[in-house]
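Student: sequence first, then the predicted structure:
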Amino acid sequence: LDDVLDYAHHALRGARPTLEDRYVATVFRPSLTAAPTGIFAVFDGHGGEATAQFLQDELEAALTGHEHFAGDLPKALRGACAALEARVLERQRGGGGDTSGSTLTMVVIRGRRLWSCNVGDSRCVMARAGDPVVMTEDHDPEAPAERER
């Protein structure tokens, strides 16, 4: 995968005094016989950088340590996201004054397969033959499905 997958990342602070966004970009081979895997994620921090930084620090371990990572990647993605959300909420309920938040948009590439997921209103778009393909659905708190959840 290292030989066939080129990637780059760039962050721009904009008008805010600090950059609240974080990212993960890593390529590895889980075992000698496993297909190479790439994890790419963007965390759009809101109201501070603490949650985005926490997610950057913890995402890879939460995902690769999930019991379904090797076999059922969609289940591992859902489980890792749910576990990280619970940990963020626990940290915030524990005091300390942090009320920051973050969206998450992630792509995992294993061999020649790609999975995407998102939490919040960040979006993943892939280019296929020069045409955009939307890979995720924005979460809108006003949408009926989100209100029911």
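Tutor: Yep, it's here. Residues are numbered from 1 along each chain as shown.

Student: where do the strands sit along this structure?
Tutor: Secondary structure of the chain (DSSP state E): strands at 22-28, 37-46, 101-110, 113-119, 125-128, 131-134.

Student: can you redo those strands as JSON lines with mean pLDDT and mean neighbour count?
Tutor: To be clear about C-beta, it is placed using only N, CA and C from the backbone, and glycine gets the same treatment. Written out in JSON lines, the entries for the strands of the chain read as follows (pLDDT from 0 to 100; neighbours: other Cβ atoms under 10 Å):
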{"stretch": "strand 22-28", "mean pLDDT": "90", "mean neighbour count": "15"}
{"stretch": "strand 37-46", "mean pLDDT": "92", "mean neighbour count": "20"}
{"stretch": "strand 101-110", "mean pLDDT": "93", "mean neighbour count": "21"}
{"stretch": "strand 113-119", "mean pLDDT": "91", "mean neighbour count": "16"}
{"stretch": "strand 125-128", "mean pLDDT": "88", "mean neighbour count": "10"}
{"stretch": "strand 131-134", "mean pLDDT": "91", "mean neighbour count": "9"}
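
Student: can you say which of the ones you listed is nearest to R13?
Tutor: In this view, those are compared for proximity to R13 by Cβ to Cβ, and strand 37-46 is the closest at 11.4 Å.

Student: quick one: the closest one to strand 22-28, angle?
Tutor: In terms of direction (axes from the mean of the first three to the mean of the last three Cα atoms, to 10 degrees), strand 37-46 departs from strand 22-28 by 180 degrees.

Student: mind listing what strand 37-46 pairs with, with the direction of each?
Tutor: Based on DSSP bridges, the strands next to strand 37-46 in the sheet, each with its direction, are strand 22-28 (antiparallel), strand 101-110 (antiparallel).

Student: roughly how far out does the longest one sit from the chain middle?
Tutor: Here the centre of mass of C-alpha atoms in strand 101-110, compared against the chain's by Cα atoms, centre = their mean, to the nearest Å, lies 2 Å away.

Student: next, the angle from that strand to strand 113-119.
Tutor: An angle of 170 degrees separates the directions of strand 101-110 and strand 113-119 when computed by the same axes, to 10 degrees.

Student: and the end-to-end length of stretch 24-35?
Tutor: Here the two ends of stretch 24-35 are set 19 Å apart, with distance taken as Cα to Cα, to the nearest Å.

Student: thanks a lot, see you next time.
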